[in-house]
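A.B. asks: 3D, please:
(2 chains)
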There are 2 protein chains.
Amino acid sequence: MMEALLGDTETRRAAESARPDTHPTETLARVAWSIIAEPGDGVAGALIEQLGAVDALQFALSKQHLSEKAIDEARKRWMPRAHPRSVTEALRGATEVAARLLLPGDAQWPQALADLGEHAPAMLWARGASHHLSSPNPVAIVGARAATAYGESVAAELAGDLAATGTLVVSGGAYGIDGAAHRAAMGAGGATVAFLAGGVDRAYPAGHQDLFQRIQAAGAIVSELPCGAAPTKWRFLARNRLIAALGAATVVVEAGWRSGSLNTAGHASTLGRPLGAVPGPVTSAASAGCHRLLREYDAQCVTNAQEVRELLGMTESAPAAPESTNPDQVRLLDALSTRTARSAGDLAARSGLDAGRVAAILGLLALEGIAQRTDAGWQRVPM
Amino acid sequence: MMEALLGDTETRRAAESARPDTHPTETLARVAWSIIAEPGDGVAGALIEQLGAVDALQFALSKQHLSEKAIDEARKRWMPRAHPRSVTEALRGATEVAARLLLPGDAQWPQALADLGEHAPAMLWARGASHHLSSPNPVAIVGARAATAYGESVAAELAGDLAATGTLVVSGGAYGIDGAAHRAAMGAGGATVAFLAGGVDRAYPAGHQDLFQRIQAAGAIVSELPCGAAPTKWRFLARNRLIAALGAATVVVEAGWRSGSLNTAGHASTLGRPLGAVPGPVTSAASAGCHRLLREYDAQCVTNAQEVRELLGMTESAPAAPESTNPDQVRLLDALSTRTARSAGDLAARSGLDAGRVAAILGLLALEGIAQRTDAGWQRVPM
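C.D. replies: Alright, predicted model coming up:
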């Protein structure tokens, strides 16, 4: 199964040609993951995190029975997509549009995506000057497709000012606010990145074909889905988490009461990223979502680029780490108490993990502020 | 001196006629205070609080030398205003325009003003249906004189909805937002109160003469200054504290970057009253002050009357009590420690106050949350 999926000699050559610095099996395994798992699939992410992309794929595609229900369920999602030629076709599609394959660990790979934990993408497909993805402190500017002239003008004002002073402007390439932000960033001679919900070979919306062409010259269009993948409702929502994670701050310019931008804002908030909202007339439905962010999400009111820059200094000290599903971590968390301090030996006995693994996971948990060492031993930090 | 100030037999009769339920000396003393002390004079307030209006006035006007510098300084402010005929003239002026004299302790006296501590007014002069002053949960709606059509329309929307549902709308009678709020409250058949910075016999601004006439029918126009007093810059600022104190919540609809409404908002904030700000276009200078309140004063973003009603449920538990300048209190506060508990006897010895006075002040300080009784004795509560 795995051999069929990872392709023939020609496909391995294509992988080597696309990523001469990476072992082709690793490249092909990550391409396979980007095909078989939907964006944000936490089971896939946890498996890759724990076993590496290659072994995780082997494990995922084996027929070996497991008592683990989550994995069995996930296999039912993955298997129907593991067509023998899909990896070959994805690589061919990328070559045709000169899309680059970005892998975690690359110099261009945005470190910020690690905050997504097991919901981080297995890889990214990018067209254009993808090195901009690793710019320091990018700002995400998002908002309603049905924007008003006021909203587009404010988005352009903010994006233009930020881009002119060297800040990467990240958005979703949609009509309305997104488009205004991308255009103004380029107009100011700055860089901009658009995260797409479908493959980077597909211009969606079609009316932004020219815009995407221009963005590839001044930055990049990026997706975690392979070429040919259609944008779906789910993929739009999942794409929003990448915008929020890449942005060192997210600013919503205009948004209706139930706008998709509130989803991006929610992701930014969950990730502990500072969130700004641009106010507007209370009589404008296009600003209702922004006012909701000010009232319900504790967003900061921002009225100009300087205030967005101030927002960048406001990163919360402890980003809300997504709950881990790494099985060893879960076992160790179960062994930890919030009230009683326990020695590492005691925790090894309770969790059934060996001492080395316990020490490694405790270190990680301490770093994430989930566990702490006291004089009497280790304790879980109450949330 | 005091006899000359408090007037002749005719003046005493006028006082009795204006306030048949109150001893004329008390009435006249409070009228005298409203003449000789500027609004918000904390030394006058502390003196009245401690001695009562009559004894405080006697003390203020006596030539008895004191080592207390604050009192000596205050006398220099008060004395030049203690013209023999001023009380008589103030009463005559009030009678001419049928202005009522409201004294602390009256059923109509708004309890909320007590939160101003020694900065509370000695009395109020009111024209119209002054019983509205004691309505539960009034809402202060204030804003820029140079309001836009947008601002006036939102102010009218909020005030009209609130007034229609029985909420007293408090404002400052100025052009722009204030006027729109008063008008809409009356238009909805509700009640409204305007606090003026000068005497209630003076229509200021003059263009609001008709508006003030209408307000007297649907509510009241109120001032702490006697008839004939001119509105000054200081009096406008001092008047703002009365609006903020009477309002169970204060909402700023439009305000420039340095608008006087921010002063009202600051008072509301200091008093622990919930503060709302209506957002507007970031391109509108008339909304810059509101956005500043959202950013710097932690104001809540409000977009409709329902959100103002929600604001009313948000009163902070402990209003920030203005620092007391009552000399005995200061002596007792010096004797109290935040770390060491001390007996009442010890405190009497340290402060040089007698045991009864110590007990009385300790009770007051405990009530204000400034001191607390522990098992070991009395301590000052750390701020």
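A.B. asks: Just the closest residue of chain A to chain B, please.
C.D. replies: residue A:279 (3.2 Å; C-beta to the nearest C-beta). C-beta: built from backbone N, CA, C; applies to glycine.
A.B. asks: thought residue A:154 was touching residue A:277?
C.D. replies: No: counting by C-beta atoms under 8 Å, residue A:277 is not a contact partner of residue A:154; they are 11.3 Å apart.
A.B. asks: Please say which of the two ends up with more neighbours.
C.D. replies: residue A:277 (32 against 29; other C-beta atoms under 10 Å in any protein chain shown).
A.B. asks: And for the residue of chain A closest to chain B, the neighbour number?
C.D. replies: Residue A:279, neighbours per other C-beta under 10 Å, totals 28.
A.B. asks: What of residue A:298?
C.D. replies: Residues near residue A:298, counting by other C-beta under 10 Å: 10.
A.B. asks: So the residue of chain A closest to chain B versus residue B:199, what's the distance?
C.D. replies: As for residue A:279, its distance to residue B:199 is 39 Å (criterion: C-beta to C-beta, to the nearest Å).
A.B. asks: before we move on, which element is the residue nearest to residue A:303 when sequence neighbours are not counted in?
C.D. replies: Once flanking residues are discounted, residue A:303 sits nearest to residue B:282: 3.9 Å by C-beta to C-beta, 6 or more residues apart in numbering or on different chains. Following DSSP states H and E, there is no helix or strand that holds residue B:282.
A.B. asks: Thought residue A:281 was touching residue B:282, still the case?
C.D. replies: No: Residue B:282 lies out of contact with residue A:281 (C-beta under 8 Å); the separation is 10.4 Å.
A.B. asks: for chain B, what are the nearby residues on the stretch 1-150 of chain A?
C.D. replies: residue A:150 (C-beta under 8 Å from any C-beta of the partner chain).
A.B. asks: quick one, strands of the stretch 1-150 of chain A?
C.D. replies: A:100-102, A:124-128, A:139-142 (DSSP state E, counting those that start in this stretch).
A.B. asks: Not counting its own residues, what contacts the last one?
C.D. replies: The reference is to strand A:139-142. A:155, A:158-159, A:162, A:167-172, A:177-178, A:181, A:240, A:243-244, A:246-253, A:261, A:264-265, A:268, A:308, A:312 (C-beta atoms under 8 Å, 6 or more residues apart in numbering or on different chains).
A.B. asks: cool, the shortest one as well?
C.D. replies: If you take C-beta under 8 Å, 6+ apart as the criterion, strand A:100-102 is touched by A:18-19, A:27, A:30-31, A:94, A:108-109, A:123-127, A:130, A:133, A:222.
A.B. asks: Who are the contact partners of the residue nearest to the spatial centre of chain A?
C.D. replies: By C-alpha atoms, centre = their mean, chain A has its centre lying nearest to residue A:242, at 3.1 Å. The contact partners of residue A:242, taken as C-beta under 8 Å, 6+ apart, are A:113, A:116, A:121, A:195, A:222, A:224.
A.B. asks: Which among those residues count as buried?
C.D. replies: Among these, those scoring as buried are A:113, A:116, A:121, A:195, A:222, A:224 (criterion: 16 or more other C-beta atoms under 10 Å in any protein chain shown).
A.B. asks: okay if I get the residues you listed as TSV plus pLDDT and distance to residue B:351?
C.D. replies: Listed next are the buried ones among the contacts of residue A:242 as TSV, based on pLDDT from 0 to 100; distance: C-beta to C-beta, whole Å:
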residue	pLDDT	distance to residue B:351
A:113	97	64
A:116	96	62
A:121	98	70
A:195	98	69
A:222	98	72
A:224	98	72
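A.B. asks: so where do the helices sit in the stretch 251-383 of chain A?
C.D. replies: Ranges of helices within the stretch 251-383 of chain A are A:261-270, A:288-296, A:305-312, A:327-335, A:344-351, A:355-367, based on DSSP state H, counting those that start in this stretch.
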